[in-house]
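Peer 1: got a predicted structure plus its sequence, pasted below:
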Amino acid sequence: MHGRPNIAVTKKDQIRALLKSIETGDPGPVAVVNEAKYIQHNPQTHEGSEGLAALFQRLSLTSPRVNIARAFADGDFVFAHTEYDFASRKIGFEVFRFEDGQAVEHWDNIQERKGPNQSGRTMVDGPTEAVDLELTESNRALVRSFVEVVLVDGHLDRLIDFVHEDTYEEHNPRLGDGVSVLRSALEVADESGRRIDYHRIHRVLAEGSFVLCVSEGEYGGVHTAFYDLFRLANDKIVEHWDTTEKIAPRSEWKNDNGKF
């Protein structure tokens, strides 16, 4: 056998190339998307009104910058943590579901880039590679329990059962490192009750030490999507990144697929 070995292109590679093509306008990577089946969950996006290749070509003319900070795979799903500089700088999470080798469904959660925070951390810096792949399922279960017990049910006394008390690193631009800072943020209430109010979990995606939890709730009384990325080590949460996005009222949706 001669020639170079055939190195399989992973789903993560394909999604990295797809997102980068927003910057370049290269139509090639768009082939990973099955546009006939593609279901778009961004309520602000018209479904099927313009092909992705044409859309990305149009966007590329505005000299956008796209940085994929980290990307992970979980079965049929790929989830990426991204930084965009279009007219303004934004941070996002992009989730794609694959079927028969192509991306057929997409969710995202995007907010304005802010920070660095009081501990000097940005919304995207920190480790990027998943380790402890054999712990994927136990890490997924731990994050699901943390969000259900602490964030949804409000049992703040259980924080240190899930979060490492001494080494917790925080990338949320409004907060800083340490469990005490996190506890204080979760204790803050306004007239409508808890300012940060998680209602339900929609999806928990994981690869090794990284787990993304997609949740719905209210922030300051406004209907909100929470995307929380956690890094775990030794059965505890040790690092956290997130985006928080207001969900537009149904009357403003441009497709009927729902945010989640």
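Peer 2: Yes, it's here.
Peer 1: from the centroid of this protein, which residue is nearest?
Peer 2: Centroid-nearest residue in the chain, with Cα atoms, centre = their mean: Phe93, separated by 3.0 Å.
Peer 1: who's in contact with the closest residue to that one other than its chain neighbours?
Peer 2: The shortest distance from Phe93 to any non-neighbouring residue, by Cβ to Cβ, 6 or more residues apart in numbering, is to Tyr227 (4.4 Å). From N, CA and C alone the C-beta is placed, and that goes for glycine too. Applying Cβ atoms under 8 Å, 6 or more residues apart in numbering to Tyr227 gives the contacts 93, 109, 212-215, 242-245.
Peer 1: reformat those as JSON lines; add pLDDT.
Peer 2: Output for the contacts of Tyr227, formatted as JSON lines (pLDDT from 0 to 100):
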{"residue": "Phe93", "pLDDT": "98"}
{"residue": "Asn109", "pLDDT": "97"}
{"residue": "Leu212", "pLDDT": "98"}
{"residue": "Cys213", "pLDDT": "98"}
{"residue": "Val214", "pLDDT": "98"}
{"residue": "Ser215", "pLDDT": "98"}
{"residue": "Asp242", "pLDDT": "98"}
{"residue": "Thr243", "pLDDT": "98"}
{"residue": "Thr244", "pLDDT": "97"}
{"residue": "Glu245", "pLDDT": "97"}
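Peer 1: point out where the chain drops to low pLDDT.
Peer 2: The chain contains residues with pLDDT under 70 at 1-7, 47-49, 190-193.
Peer 1: one more pass at 90, please.
Peer 2: 1-9, 35, 40, 42-62, 86-88, 188-195, 220-221, 248-259 (pLDDT under 90).
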